[in-house]
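Student: Okay, predicted coordinates and the sequence, questions at the end:
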Amino acid sequence: MIPVFGPVPGGMEIGVIVLLLTIILAPAYHVYRDAKARGGGYVYPQTMGMLLVASSTI
C-alpha cells in the first residue's frame, strides 16, 4: 500500500495540529484587529478572552 502523504515527518498529525491552531488563532486575530481599529482600551484582554473561548471549544 502506498502512503497518502509520502515520506513527510509527522504525516497527518502535523496537518491536524495546524488546522486546530488556525481554528483557535484566526478568531482571536480578528478580535484583536477589530478592537485595535476601534481604539478600545481593552484590546489585549479581549484577545486573550477570545483565545480562551476558542481553545475551550475544541
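Tutor: Structure's in. What do you need? Numbering: from 1, shown residues only.

Student: quick one: low-confidence parts of this structure?
Tutor: Counting by pLDDT under 70, the chain contains low-confidence residues at 1-9, 11.

Student: mind listing the helices for it?
Tutor: Ranges of helices in the chain, per DSSP state H, are 12-38, 43-56.

Student: Dump those helices to CSV, plus mean neighbour count.
Tutor: For glycine as for every other residue, the C-beta is placed from the backbone atoms N, C-alpha and C. Listed next are the helices of the chain as CSV, based on neighbours: other CB atoms under 10 Å:
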stretch, mean neighbour count
helix 12-38, 13
helix 43-56, 14
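
Student: For Tyr42, give me phi and psi.
Tutor: The phi/psi pair for Tyr42 (degrees, to the nearest 10) reads phi -120, psi 40.

Student: Near it, how many other residues are there?
Tutor: 9 (other CB atoms under 10 Å).

Student: ok, now which ones touch it?
Tutor: Ala35 (CB atoms under 8 Å, 6 or more residues apart in numbering).

Student: Check the spacing between it and Met48 real quick.
Tutor: Distance, Tyr42 to Met48, by CB to CB, to the nearest Å: 10 Å.

Student: likewise Val16?
Tutor: 24 Å.

Student: go on, Ala37?
Tutor: Ala37 is 18 Å from Met48, by CB to CB.

Student: before we move on, what about Pro27?
Tutor: For Pro27 relative to Met48 (CB to CB), the value is 12 Å.

Student: Kindly report the same for Ile23.
Tutor: Counting by CB to CB - Ile23 and Met48 are separated by 17 Å.

Student: Fine, thanks again, bye for now.
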